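> 3D, please:
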Amino acid sequence: MTDLRTTTTPPAQPDVRGGWRTPDRLYRLISSPVLRMILGWDLPRHDLRVVSRRPGSVCLEVGSGGGFYTSALKTHLGSGNDLIALDPSPSAMQALQHQLDGVPGARVSYVAGDGCKLPLADDQADTLFYGYSLEEMPDPLAAVREAHRVLRPGGELVLFLWRPVFTRHRRRPVVALLDELFERRRSSAGPQNIRLVYRKS
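A predicted model of the protein is given here:
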């Protein structure tokens with residue numbers, strides 16, 4: 001059983017704050033698979049191949065939003081695993097739960113919570129997945145420290161970052177902290193996104 005709790009973390013450097021936060025009312029629009037395929041943004045089933053599948057694992061999706069990746073993540077992880085969908089919006093979590101009822105795959109818990117103060121105990125998750133959510137957080141450095149706290153040794157951190165929002169000026173100290181706390185296993189960059197996979201030693 002996953003132990004949920006709330007913790008505090010140190011504040012971020014001032015120049016890293018101030019990320020764009022997608023309004024709840026836009027979740028359905030930006031999560032439309034048709035729109036995202038037309039724009040060439042993402043293909044969830046293809047993108048999630050970088051997420052490891054291990055029996056009995058716990059995966060935390062931080063910033064589930066409208067669930068663009070959640071359904072594919074649930075299917076990808078498969079039965080016998082746990083997926084925790086976390087988003088600050090309780091209404092988004094209720095809508096997502098309704099949307100995913102009956103979708104086969106991992107057991108899902110829906111949690112309204114703060115990505116900068118993850119409601120999990122230390123060393124609790126095997127995988128943390130951020131699908132274009134880290135750049136929206138008001139304190140991404142605190143979010144990275146929280147990811148390190150809740151991830152088990154040997155655990156995997158998967159980040160998809162949206163370049164137009166996460167400018168180089170904001171991104172540089174965040175990536176430096178990621179490289180300090182975790183071992184980078186994989187990285188790729190396109191004109192609109194950056195994808196990083198880390199391991200916790």
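
> what's the distance between the longest strand along the chain and the middle of its chain?
Longest among the strand segments of the chain by residue count, using DSSP state E, is strand 151-162. Put simply, strand 151-162 sits 8 Å off its chain's centre (Cα atoms, centre = their mean, to the nearest Å).

> and that strand, what does it pack onto?
Identification of packing neighbours for strand 151-162 by 3 or more Cβ pairs under 8 Å, 6 or more residues apart in numbering; DSSP states H and E yields strand 125-131, helix 168-181, strand 193-199. In short, each C-beta sits where N, CA and C put it, glycine included.

> any weak-confidence spans in this structure?
1-42 (pLDDT under 70).

> can you give me the strands for it?
58-62, 82-87, 107-112, 125-131, 151-162, 183-189, 193-199.

> any idea which of these is most buried?
Stretch with highest mean neighbour count among these: strand 58-62 (a mean of 27; mean count of other Cβ atoms under 10 Å).

> from the contact counts, what lies against that one?
With 3+ Cβ pairs under 8 Å, 6+ apart as the test, strand 58-62 has helix 70-77, strand 82-87, strand 125-131, helix 140-150 packed against it.

> out of those, the one nearest Q192 is which?
strand 125-131 (13.6 Å; Cβ to Cβ).

> coming back round to it: make CSV from the helices and strands packed on strand 58-62 and add distance to F166 to it.
Listed next are these as CSV, based on distance: least, Cβ to Cβ, whole Å:
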stretch, distance to F166
helix 70-77, 21
strand 82-87, 18
strand 125-131, 11
helix 140-150, 8
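
> nearest to S52, out of those?
Closest to S52 of the helices and strands packed on strand 58-62 is strand 125-131 (Cβ to Cβ; 6.6 Å).
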